[in-house]
Structure formats: C-alpha cells, structure tokens
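Asks: 3D model of this:
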Amino acid sequence: MSNDITARRLRAGIVGGGRGAFIGSVHRIAAELDGQATVVAGAMSSDPAVARESAAAWFLERSYDSFEAMAREEASRPDGIDFVIVATPNHLHFPVVNAFLDAGIHVICDKPLAHTLEDAEQLARKVASGKTLFALTHTYTGYPAVREARELVRTGALGEVRKVLVEYQQDWLMEPLERAGNKQAEWRTDPARAGLSCCVGDIGTHAENLLEYITGQSIKSLCADLTSFVPGRRLDDDASILLRLEGGAKGTLVCSQIACGEENNLWIRVYGTKAGLEWHQQEPNTLILKRAGEPWRLLRTGAGYMSDAAKAVTRTPGGHPEGYLEAFANLYRAFIADIRRVNAGLPPQGGYADVNDGLRGMKFIIRAVESSAQGARWIEL
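Replies: Below is the predicted model:
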C-alpha cells in the first residue's frame, strides 16, 4: 500500500461513534463524501465487544479495544491512519486528542474542545507548539450561505455591525430521557461526562461560533440566565444570554432543548448601518439580505451572483437541496487538503474551526455558567 500521500486516499480512524451514536455515521459520510479519505480503523466504544461489533458493521480493516492502543499501533504501522476522528462524549476529548497528538496523528474532533478549561488550554499549547493539525467540527460554518454572510460583513455591505440575534432551539430534552435509557441524553445531562453545561455546551457553542464567524467580532462580555426546567436534571436545558461584542455591537443568544415543537431551529440575524441579513439552518440554501430602503433580496446557493467564498463550498446546482452532510463534508475537505499541504511542506489554509476557536468556546461555556450562578451578572469573556 502506497505511503505517498499525494497518490492515494487518506486513511482515517475513528474513536467513539459506535452503535447507538448518531454522530459517528455523520462523520464517516462527511469524511468520505469527496473520495479523499476512507475510514479504515476504529476504537468505537469503551466496551470492547461493542467496539468490535461496530467496526464489523462498518467493515473496518482494524478494530481496537482502546484508543491508547489504537494511537500507539497506528503510529507505528507503515499503512497507519493519517488522521483520527474524535466522536466521543466530552469528558474523553482531552485524553483521546492528547494521545493522538503525541503519536503525531492529525485530529478532527467534535466540540466542545475539552471537559475543562485547563484541559482546553493544555491542548491549545500542544497544538501551537507542534506540527500536527487540529480541527473542530463547528458544522454550520460549512454552509455556502453562511460563507456568503461572512463575506457580506467582511466587505462592508452591512456597514458597521450594531446588533446580532442568534437562536438555537430544540425540544428533544423536554422529557427526562436520561432516566429512560436514552444514551445520548444520559451523557449530555451528566456533569461527569458533559462538563459544566448541557444546553450551552451542546448547542449554545454552535450559536456562539456562528455569531463570531459571520461577524468577525469576538464576544467581549456576557450576561447569562441558565435554567434546568426538567425536575431533577443536573445541567441546564435552556439559556438566555445578553452579549457585548469587541467591535461595539450588542446581541442576544438564546438556546433551548425544551422548546416544544422545535426540531433543530438554528437561525441568525445581523444588523448593520447599511443592511441586515438573516439565515435559517432549516432553510439553508437561502440568505436574506435587507438593504436600507430597498426590498428584501433572497440570495440563493448556487446562483452566479454569490461570492467566490460561497461558490467554493457549493456542491450542487442551484435549486437542488444542499444541507447538513454537505456542510459537514466541507470542513473535512478543507482539513484533508491541509493535511496534504503540510505533508508537502506548505502552510495550512484553514477553512474550519481550529483549537483557538475551541478554546473560545470553552471560555464561553464557563463564563455563561458563572454569570448565571452569580444572578445573571455581566462577566468578561
């Protein structure tokens, strides 16, 4: 088997994502969609039997009973993996990422970056001091319409940004599913595995990242009110957060997993001195542009008037549905291209969230929890 990285598909491994985990299959589809990589190895569960069953169901070439063994053995093989996908509960992100970085294997990881701020800072230092690439899967930045929104702000089409509203609403945790055997609800509502937050950590960080990505402004301070509406739930399932941005704009971020009737309702509105824009994840091919004194314009993915940034991540002709899996795959395409670049001695070009974005996300979670615990006090991020 060739080891010339320019003459073959990259070889990927996965930790976690086994039987009963929705996100594992999403990662695999996204990694393999462009034919640039294939998943060949995995440590897909902390239960060795489940790990082997899951690997067999995916027809993987190699299955491991632990991520430690996988990192060690794959690093020593002439046909070892080029990068690893980390799709575990939050508390395992740090040890898994750490093991593969130490083995010199590139890493692409689910958010949040780690279980604690200390672990996140340690990973950030390790990535900064080494040559191994790291990506975080903030999926929604992979949509063409989101790239267009970022370009409109960057090129001044909105003028000076004044107001940003972002919401991420779901209803899947309206009932205490964690006490009914739902695996995903169990770990997300467990402080030992999820960390300080459920709702803010799980979906609020996506809203935070989307806001900062489109506006190009960092959150300076926040005032948060977190609630656990389901009796007995140990972590938040709802949050309302006021924001102040570095550039002077103000905003709100609302996230909830108990919003009755909502599926995966992520949307953002940005208002400037010249125009506003609006995007809804459940209607991802449309970006609404609202210029002062003019009728609203509907900008559509795949149209010739879209920016080069949007066209670069558009996969289907105009009018054809394009969504979550393609956006996820755009992150993988950029990450895999960077692996090929660094292997050739060239600098990476990005196009995905990095370890510093992950560190900001961790600080956002922690400060939101702190603010709420102190009676919704303003706290610097």
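Asks: Can you tell me how far the residue in the chain sticking out farthest from the centre is from residue 286?
Replies: What lies farthest from the middle of the chain is residue 293; by C-alpha atoms, centre = their mean that is 36.2 Å. According to C-beta to C-beta, to the nearest Å, residue 293 stands 22 Å off from residue 286. (Glycine included, C-beta is placed from N, CA and C.)
Asks: Same question for residue 369.
Replies: On the measure of C-beta to C-beta, residue 369 and residue 286 end up 35 Å apart.
Asks: got it, and residue 152?
Replies: Distance, residue 152 to residue 286, by C-beta to C-beta: 14 Å.
Asks: between the two, which one's more packed in?
Replies: For residue 152 and residue 286, the more surrounded residue by other C-beta atoms under 10 Å is residue 152, and the numbers stand at 22 against 13.
Asks: what's in contact with the helix or strand where the more buried one lies?
Replies: In this assignment (DSSP states H and E), residue 152 forms part of helix 144-154. The contact list for helix 144-154 (C-beta atoms under 8 Å, 6 or more residues apart in numbering) reads 140-141, 158, 161, 210, 213-216, 268, 270, 272, 275, 277, 279, 284-287, 289, 299, 301-302, 306-307, 309-314, 322.
Asks: Are there helices or strands packed against the helix or strand that comes right after that helix, and which ones?
Replies: Per DSSP H and E, helix 144-154 leads on to strand 161-169 as the next helix or strand towards the C-terminus. Other elements packing on strand 161-169 under the criterion 3 or more C-beta pairs under 8 Å, 6 or more residues apart in numbering; DSSP states H and E are helix 205-215, strand 238-245, strand 250-256, strand 265-272.
Asks: would CSV of those with distance to residue 126 and mean neighbour count be doable?
Replies: Shown next, in CSV, are these (distance: least, C-beta to C-beta, whole Å; neighbours: other C-beta atoms under 10 Å):
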stretch, distance to residue 126, mean neighbour count
helix 205-215, 21, 24
strand 238-245, 29, 21
strand 250-256, 30, 21
strand 265-272, 31, 20
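Asks: OK, contacts around the spatially most central residue of the chain?
Replies: Central residue of the chain (C-alpha atoms, centre = their mean): residue 138, 2.0 Å from the mean position. Going by C-beta under 8 Å, 6+ apart, residue 138 touches 111, 205-206, 209-210, 213, 331, 352-353, 357.
Asks: Check residue 217 too.
Replies: Residues counted as contacts of residue 217 (C-beta under 8 Å, 6+ apart) are 161, 245-247, 249.
Asks: In PyMOL, how would I select the buried members of the residues you listed?
Replies: In PyMOL syntax, the buried subset of the contacts of residue 217 is picked out as below (16 or more other C-beta atoms under 10 Å):
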select buried, resi 161+245+249
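Asks: Pick out the most distant pair among the contacts of residue 217.
Replies: 161 and 246 (10.7 Å; C-beta to C-beta).
Asks: A strand includes residue 86, no?
Replies: Yes - assessed by DSSP: H, G, I helix; E, B strand; the rest coil, residue 86 belongs to a strand.
Asks: ok, now how distant is it from residue 247?
Replies: Residue 86 sits 33 Å away from residue 247, taking C-beta to C-beta as the criterion.
Asks: Confirm the residue farthest from the centre of the chain sits in a helix?
Replies: No - counting by three-state DSSP, residue 293 is not found in a helix; it is coil.
Asks: Can you read off the pLDDT for it?
Replies: Per-residue pLDDT puts residue 293 at 97.
Asks: again with the one 4 residues further on
Replies: For residue 297, the model assigns a pLDDT of 97.
Asks: How about the backbone phi and psi for it?
Replies: Main-chain torsions, residue 297, degrees, to the nearest 10: phi -110, psi 140.
Asks: Same check on the one 4 residues further on?
Replies: Here the main-chain torsion angles of residue 301 (degrees, to the nearest 10) amount to phi -50, psi 130.
Asks: and it, how far is that from residue 280?
Replies: Distance of residue 301 to residue 280, computed by C-beta to C-beta: 13 Å.
Asks: Pull up the overlap in contacts between these two.
Replies: Here residue 301 and residue 280 share the contacting residues residue 286, scored by C-beta under 8 Å, 6+ apart.
Asks: Tell me which of those two has more neighbours.
Replies: Counted by other C-beta under 10 Å, residue 301 and residue 280 do not tie: residue 301 has more neighbours, with 27 against 16.
Asks: since we're on residue 165, how many residues are nearby?
Replies: Around residue 165 sit 17 other residues, with neighbours defined as other C-beta under 10 Å.
Asks: same deal with residue 295?
Replies: With other C-beta under 10 Å as criterion, residue 295 counts 7.
Asks: a strand runs through residue 70, doesn't it?
Replies: No - using three-state DSSP, the assignment for residue 70 is helix, not a strand.
Asks: So residue 198 is in contact with residue 238, correct?
Replies: No - at 9.6 Å, residue 198 does not count as touching residue 238 under the criterion of C-beta atoms under 8 Å.
Asks: what's the overlap in contacts for the two?
Replies: Common neighbours of residue 198 and residue 238 (criterion: C-beta under 8 Å, 6+ apart): residue 257.
Asks: Report the contact partners of the closest residue to residue 227 other than its chain neighbours.
Replies: Leaving out its chain neighbours, the residue that sits closest to residue 227 by C-beta to C-beta, 6 or more residues apart in numbering is residue 238, at 4.6 Å. Contact analysis of residue 238 by C-beta under 8 Å, 6+ apart lists 199, 226-229, 255-259.
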